[in-house]
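A.B. asks: Fold the following for me, if possible:
(one chain, ligands or ions: 2)
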Amino acid sequence: MTPVVKPIRLGVNIDHVATLRNARGGRLPDPLRAASLAIAAGADGITAHLREDRRHIRDADMRALKDEISVPLNFEMAATDQMVDIALAIAPHACCLVPERREERTTEGGLDVVGGGAVLRGHIARLGEAGIRVSLFVAPDPAQIGAAFDTGAAVVELHTGHWCDLVAAGDHEPAAAEFARLVAAARQADALGLEVHAGHGLDYATAETMATLGEVRELNIGHFLVGEALFEGLESAVRRMRTAMARGRAALRAGMAA
Ligand SMILES: CC(=O)[C@@H](O)[C@H](O)COP(=O)(O)O
Ligand SMILES: NCC(=O)COP(=O)(O)O
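C.D. replies: Ligands and ions are numbered 1, 2, ... in the order given. The predicted model follows:
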């Protein structure tokens, strides 16, 4: 009997709508309007990253999203006491703990769960005790996946940024090797009972490829979609992304049936 292919969700990250808004210090474009349009176009969830330097999403944005949107809110944040306190006050559906370095242009690596120790486990416990689903944003590294399981977090989000950069550069062999790491990490995490998400740097083609991995249940995508929205509108870009992901799942089913 052909195994059941579980659905895959799209989380739309609206950080960079706030980047454009903050460029002039005003109210527009409104990240909440972007979230509403993304949801109307089929987004299963909204993701927003409240960085310590508030370079894009601000505290008021996160509060407005929690109060107004009709789909789960995935609150991305650094693993700090301050951010945990803010997350507990907002009470989103989920929190994704990501590494942050002030000087970084974008999220670079995955969370060092292996080295996180009792402090990280304390943050995870505080969030979990409040009923918030905790996700750890990690590189596709077996040790990090195993450590994530040991922390009691429910979800790992696999960092696809390095793979996407290699694909974009046309470095085919290194890209294939990094994709193999993502495949192995997804299988390892799934076998441990962790829910598997993925994100960072994804576009239509790489999202379609990620959707061929049955273990992957959610893709969080932002920068590419906001860029495409400048040319074709956010609703169109989100619909095209959903279609690309559906093509990936269809390819998975076809492979299973063969
Ligand atoms: C964790 C992650 O991949 C996203 O939140 C990404 O960080 C987008 O935000 P930045 O572009 O500010 O890194
Ligand atoms: N966690 C990944 C995310 O939320 C969006 O990352 P990107 O698509 O903006 O690179």
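A.B. asks: How about the residues of the stretch 51-200 of the chain by ligand 1?
C.D. replies: Applying Cβ under 6 Å from any ligand atom, we find that the stretch 51-200 of the chain lies next to ligand 1 at 51, 76, 98, 106-107, 137, 199-200. Yep, even glycine has a C-beta here, placed from its N, CA and C like the rest.
A.B. asks: Whichever of these end up buried, select them in ChimeraX.
C.D. replies: Of these, the buried ones can be selected in ChimeraX as follows, counting by 16 or more other Cβ atoms under 10 Å:
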select :51,76,98,107,137,199,200
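A.B. asks: closest to ligand 2 among the residues of the stretch 51-200 of the chain next to ligand 1?
C.D. replies: Using Cβ to the nearest ligand atom, G199 comes nearest to ligand 2 of these, at 2.9 Å.
A.B. asks: is it true that that closest one touches T160?
C.D. replies: Yes. Counting by Cβ atoms under 8 Å, T160 is a contact partner of G199 at 6.2 Å.
A.B. asks: Now the lengthiest helix in the chain: buried residues?
C.D. replies: Longest helix in the chain, counting residues (DSSP state H): helix 234-257. By 16+ other Cβ under 10 Å, the buried positions in helix 234-257 come out as 234-235, 237-238, 240-242, 244-245, 247-249, 252.
A.B. asks: before we move on, what about stretch 65-82?
C.D. replies: By 16+ other Cβ under 10 Å, the buried positions in stretch 65-82 come out as 65-66, 69, 71-79.
A.B. asks: what about stretch 148-168, average pLDDT?
C.D. replies: Mean pLDDT, computed over stretch 148-168, is 98.
A.B. asks: For it, which residues meet the burial criterion?
C.D. replies: 148-149, 151, 153-164, 166-167.
A.B. asks: for stretch 27-34, same thing?
C.D. replies: For stretch 27-34, by 16+ other Cβ under 10 Å, it's 29-32, 34.
A.B. asks: Give me the three-state assignment for the residue positioned nearest the centre of the chain.
C.D. replies: In the chain, the residue lying closest to the centroid (Cα atoms, centre = their mean) is N220, at 3.4 Å. Classification of N220 by DSSP: H, G, I helix; E, B strand; the rest coil places it in strand.
A.B. asks: And A198, by the same measure?
C.D. replies: Classification of A198 by three-state DSSP places it in strand.
A.B. asks: which SS class is the closest residue to it other than its chain neighbours?
C.D. replies: Closest residue to A198 apart from its sequence neighbours, by Cβ to Cβ, 6 or more residues apart in numbering: L158 at 4.4 Å. At L158, secondary structure determined by three-state DSSP is strand.
A.B. asks: What distance do you get for L158 to ligand 1?
C.D. replies: In this view, L158 and ligand 1 are 11 Å apart by Cβ to the nearest ligand atom, to the nearest Å.
A.B. asks: So what sits opposite that residue in the bridge?
C.D. replies: For L158, the beta-bridge partners are V138, A198 (DSSP bridges).
A.B. asks: Pull the contacting residues for it.
C.D. replies: Taking Cβ atoms under 8 Å, 6 or more residues apart in numbering as the criterion, L158 is in contact with 138-140, 182, 185-186, 189, 196-199, 216.
A.B. asks: at 6 Å instead, please
C.D. replies: Listed by Cβ atoms under 6 Å, 6 or more residues apart in numbering, the contact set of L158 reads 140, 182, 185, 198.
A.B. asks: In which helix or strand does the third one reside?
C.D. replies: Okay, so that is A185. Using DSSP states H and E, A185 maps to helix 172-192.
A.B. asks: picking that back up, the buried residues of helix 234-257 into JSON lines, with extra columns for pLDDT and distance to ligand 2?
C.D. replies: JSON lines is the format used below for the buried residues of helix 234-257 (pLDDT from 0 to 100; distance: Cβ to the nearest ligand atom, whole Å):
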{"residue": "L234", "pLDDT": "98", "distance to ligand 2": "14"}
{"residue": "E235", "pLDDT": "98", "distance to ligand 2": "17"}
{"residue": "A237", "pLDDT": "98", "distance to ligand 2": "12"}
{"residue": "V238", "pLDDT": "98", "distance to ligand 2": "13"}
{"residue": "R240", "pLDDT": "98", "distance to ligand 2": "15"}
{"residue": "M241", "pLDDT": "98", "distance to ligand 2": "10"}
{"residue": "R242", "pLDDT": "98", "distance to ligand 2": "15"}
{"residue": "A244", "pLDDT": "98", "distance to ligand 2": "14"}
{"residue": "M245", "pLDDT": "98", "distance to ligand 2": "13"}
{"residue": "R247", "pLDDT": "98", "distance to ligand 2": "19"}
{"residue": "G248", "pLDDT": "98", "distance to ligand 2": "16"}
{"residue": "R249", "pLDDT": "98", "distance to ligand 2": "19"}
{"residue": "L252", "pLDDT": "96", "distance to ligand 2": "22"}
